[in-house]
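**Student:** Below is the sequence, then the predicted model.
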Amino acid sequence: MKNYSSLTQNIIKSKLFKSSNYPGFQRRMMSALIDCTLLTLLFAPLFAIIGNLLYGPVFPQDLISKAIKEMAQMNNTPEKIITFTDFIRSKPELYNYFYIQHGFLKMFIDQIIQLTTLCGIFLLFWIKKQATPGKMFLSMKIVDATTYEKPSNKQFYLRMLGYIISIIPLFLGIIWIAFDSKKQGWHDKLANTLVINVERKKK
């Protein structure tokens with residue numbers, strides 16, 4: 001049996017992965033939809049409790065929606081155009097809630113808690129399973145783009161950072177998956193990872 005260097009083995013392994021081995025944009029989005037649905041069902045009650053603790057009986061989203069409707073009515077005539085910030089400052093109850101009672105700060109804290117929780121869950125699954133529940137259900141996993149083995153923890157952290165970078169410019173880094181030859185998004189490029197199809201274990 002021939003002995004190959006690790007580099008040669010990686011090259012041989014990569015040649016075996018044709019384009020069909022990389023799940024396409026639709027399957028990747030389906031796995032994301034499954035993940036989002038599961039996380040929403042599991043964590044919505046927790047986030048609701050956190051929201052109640054932060055905001056009390058009045059949620060800022062309700063006040064903002066009401067303010068936007070009132071602003072739209074006021075801005076129907078050009079001479080009455082007003083910015084959202086100026087509108088809040090002109091309403092004592094809104095100014096008190098968002099500035100005096102730190103409503104904007106509470107919203108920021110709420111979003112950070114939710115984002116940190118969800119990122120932590122994703123990272124946990126990536127590190128333990130090389131996949132999220134959605135990817136496992138659709139028989140996919142994350143591998144190192146060079147070795148096709150399990151990525152390092154550093155790569156997973158970079159991949160999470162890459163998700164944020166991919167989402168900011170109107171999800172362009174995610175849409176990139178549809179056009180890339182190896183179906184890599186910007187987050188995969190940054191972390192040097194791939195998502196591949198895997199065979200289901202036969203019982």
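**Tutor:** Cool, the structure landed.
**Student:** what ranges of the chain fall below the confidence cut-off?
**Tutor:** By pLDDT under 70, the weakly predicted segments of the chain are 1-20, 75-81, 201-203.
**Student:** Break down it into its helices, ranges please.
**Tutor:** Shown for the chain, the helices assigned by DSSP state H span residues 6-16, 25-55, 60-74, 84-90, 92-95, 103-129, 133-137, 153-167, 172-175, 186-191.
**Student:** okay, those helices in a markdown table with distance to residue 145 and mean neighbour count next?
**Tutor:** (Glycine included, C-beta is placed from N, CA and C.) Supplementary listing: the helices of the chain in a markdown table, determined by distance: least, CB to CB, whole Å; neighbours: other CB atoms under 10 Å:
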| stretch | distance to residue 145 | mean neighbour count |
| --- | --- | --- |
| helix 6-16 | 9 | 11 |
| helix 25-55 | 15 | 14 |
| helix 60-74 | 40 | 13 |
| helix 84-90 | 44 | 13 |
| helix 92-95 | 50 | 13 |
| helix 103-129 | 15 | 15 |
| helix 133-137 | 16 | 19 |
| helix 153-167 | 9 | 17 |
| helix 172-175 | 16 | 17 |
| helix 186-191 | 7 | 22 |
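**Student:** Any chance of those helices in JSON lines with distance to residue 198 as columns?
**Tutor:** As requested, the helices of the chain are arranged in JSON lines below (distance: least, CB to CB, whole Å):
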{"stretch": "helix 6-16", "distance to residue 198": "13"}
{"stretch": "helix 25-55", "distance to residue 198": "12"}
{"stretch": "helix 60-74", "distance to residue 198": "41"}
{"stretch": "helix 84-90", "distance to residue 198": "48"}
{"stretch": "helix 92-95", "distance to residue 198": "53"}
{"stretch": "helix 103-129", "distance to residue 198": "11"}
{"stretch": "helix 133-137", "distance to residue 198": "9"}
{"stretch": "helix 153-167", "distance to residue 198": "18"}
{"stretch": "helix 172-175", "distance to residue 198": "22"}
{"stretch": "helix 186-191", "distance to residue 198": "16"}
